[in-house]
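K.L.:
Model the structure of this input:
(one chain, ligands or ions: 2)
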Amino acid sequence: MKKILILGSTGSIGVNSLNVIRQYPEKFKIEALTVNSRIDLLEPQINEFKPAVVVVKEEKPAEELRKKLNGRCEVLSGIDELRKVAAECDYDILIGAMVGFAGLAPTTEAIKRGKRIALANKETLVVGGELVTNLCKKYKAELIPVDSEHSAIYQCLVGENKKEVEKLIITASGGPFLNKQKAELENVTVDEALNHPNWKMGSKITIDSASMMNKGLEVIEAHWLFELSKNKIEVVIHPQSIVHSMVQFVDGSIKAQMGIPDMKLPIQYALTYPERFENKFERTYLPKINNLSFFEPDFEKYECLRMAFETMDAGGTTPCIMNAANEIAVDKFLDRKIKFSQIPILIEKALNKIENHKSPDLDTIFECDKETRDFVTSLI
Ligand code: NAD
Ligand code: MG
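P.N.:
Numbers count the residues shown, from 1 in each chain. Ligands and ions are numbered 1, 2, ... in the order given. This is a model prediction of the structure:
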């Protein structure tokens, strides 16, 4: 029986993780859940999965929940408790399903305890890639990707020699604006940007998919996870999202992992690896899909994707600067304070302004994140 801690159990990945876990009551037990503020969604999860402890970021909803539960489950609150639960609670696998930079601190706590991390929270690897991967080696923690592209690559690499990899081919749907010209992006609305053609996800990653920053973050995520340089990572647009990603080997052979777009499979694989558990999820019937197409991305239109490749080259804290600027810009776009087309402009300004620090430690990463957030906020 594996005990599980889910960071961000009320989000899209969190709920799908519980959908996976629900199938195997004899294999997995929920030990702890953490959320930002949605106790209306957390309460039924507590009733069903009976965790020993939950953490709610804000104290007010936590207090409300405490009264309702009447001692049935320990309810903690605050960002420090969130970190503490990862550092002290009794679990085997941490599912990193929080969104954004906030996932970094609790994830590093789990790594220091040599746990298995089923990582959806790609921002953790983007901002702290060097530190996080070094900590994983030092403490023998297993970082198994949940992001569908990285899970696909991970699955393609099973039984292979990593030295024989020629390149990774990461697929991208192209998002809702695939068929728009760059000039047309000027006036797109929040609702249009949130209307992803293939995936139903949280709002931040959905906007990142529209700008293709999501693919940029994934390129950096792949760079750290698979220890490959920029020239060995390629992005290909594949609007159907059936081929989740591919690996090309030195003999020219290409392996792909396929399936209908559904995050339950990569989540399950990260929990059960190296085994595969039987499930009843919907199967992929290729004749129904009929057509799979692939083409090159337009780096002029998708400026965020270009910048992500550039920050990967520059290294140090530049991916952290890009990520923090993007988190603020996306927030402000969702609040209808800025236009969609301002997202890459704000990121570029932050990259030109904030100093790069090589091989940053955790404190430096936190300082860089804060400095960038303050700077970008001051521009709006
Ligand atoms: P979401 O917005 O649906 O859910 C986020 C969860 O994190 C919620 O439970 C929320 O309560 C919690 N949370 C948010 N901010 C927090 C904070 N500051 N402190 C504590 N808790 C906080 O997001 P999502 O779509 O599930 O994505 C989660 C992560 O997984 C992201 O990093 C995303 O890039 C990645 N991811 C998501 C998908 C997907 O299909 N949704 C696919 C691949 C990767
Ligand atoms: Mg992905």
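
K.L.:
In this protein, which residue sits nearest ligand 1?
P.N.:
Using Cβ to the nearest ligand atom, the single residue of the chain nearest to ligand 1 is Gly11, 1.8 Å away. Every C-beta, even on glycine, is put in place using the N, C-alpha and C of the backbone.

K.L.:
ok, now which ones touch Gly174?
P.N.:
212, 237, 239, 297 (Cβ atoms under 8 Å, 6 or more residues apart in numbering).

K.L.:
Most neighbours among the residues you listed, which one?
P.N.:
Neighbour counts for the contacts of Gly174 (other Cβ atoms under 10 Å) peak at Met212, which has 29 neighbours.

K.L.:
quick one: it from Glu64, how far?
P.N.:
40 Å (Cβ to Cβ, to the nearest Å).

K.L.:
which non-adjacent residue is nearest the residue of the stretch 201-350 of the chain found nearest ligand 2?
P.N.:
When scored by Cβ to the ion, the stretch 201-350 of the chain has Glu218 as its residue closest to ligand 2, at 5.5 Å. Of all residues not flanking Glu218 in the chain, Glu149 sits nearest, at 5.6 Å (Cβ to Cβ, 6 or more residues apart in numbering).

K.L.:
burial of Ser359, as a residue count?
P.N.:
Around Ser359 there are 11 residues (other Cβ under 10 Å).

K.L.:
swap in the one 3 residues further on?
P.N.:
Taking other Cβ under 10 Å as the criterion, the count of residues near Leu362 is 14.

K.L.:
That one contacts Glu130, doesn't it?
P.N.:
No: the criterion here is Cβ atoms under 8 Å, and Leu362 misses it with Glu130 at 11.3 Å.

K.L.:
Assess the claim that Ile205 and Ala97 are in contact.
P.N.:
No: Ile205 is beyond contact range of Ala97, at 11.2 Å (criterion: Cβ under 8 Å).

K.L.:
ok, these two, which is more surrounded?
P.N.:
Ala97 (28 against 24).

K.L.:
Max pairwise distance over the contacts of Gly174: which two?
P.N.:
Taking Cβ to Cβ, the two most distant members of the contacts of Gly174 are Met212 and Pro239; they sit 13.0 Å apart.

K.L.:
So, low pLDDT: which residues of the stretch 1-150 of the chain?
P.N.:
Along the stretch 1-150 of the chain, no part satisfies pLDDT under 70.

K.L.:
Find the closest residue to ligand 2 in it.
P.N.:
Asp147 (4.2 Å).

K.L.:
need the contact list for that residue.
P.N.:
119-120, 122, 218, 221, 266.

K.L.:
do Val190 as well
P.N.:
By Cβ under 8 Å, 6+ apart, the neighbours of Val190 are 333-334, 336.

K.L.:
Gly216 now?
P.N.:
Neighbours of Gly216 in contact, by Cβ under 8 Å, 6+ apart: 304-305, 307-309, 322.

K.L.:
Now, those that are in helices?
P.N.:
304-305, 307-309, 322 (DSSP state H).

K.L.:
can you put these in TSV and add distance to ligand 1 and neighbour count?
P.N.:
Formatted as TSV, these follow (distance: Cβ to the nearest ligand atom, whole Å; neighbours: other Cβ atoms under 10 Å):
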residue	distance to ligand 1	neighbour count
Cys304	14	23
Leu305	15	24
Met307	17	22
Ala308	14	30
Phe309	18	17
Met322	15	30
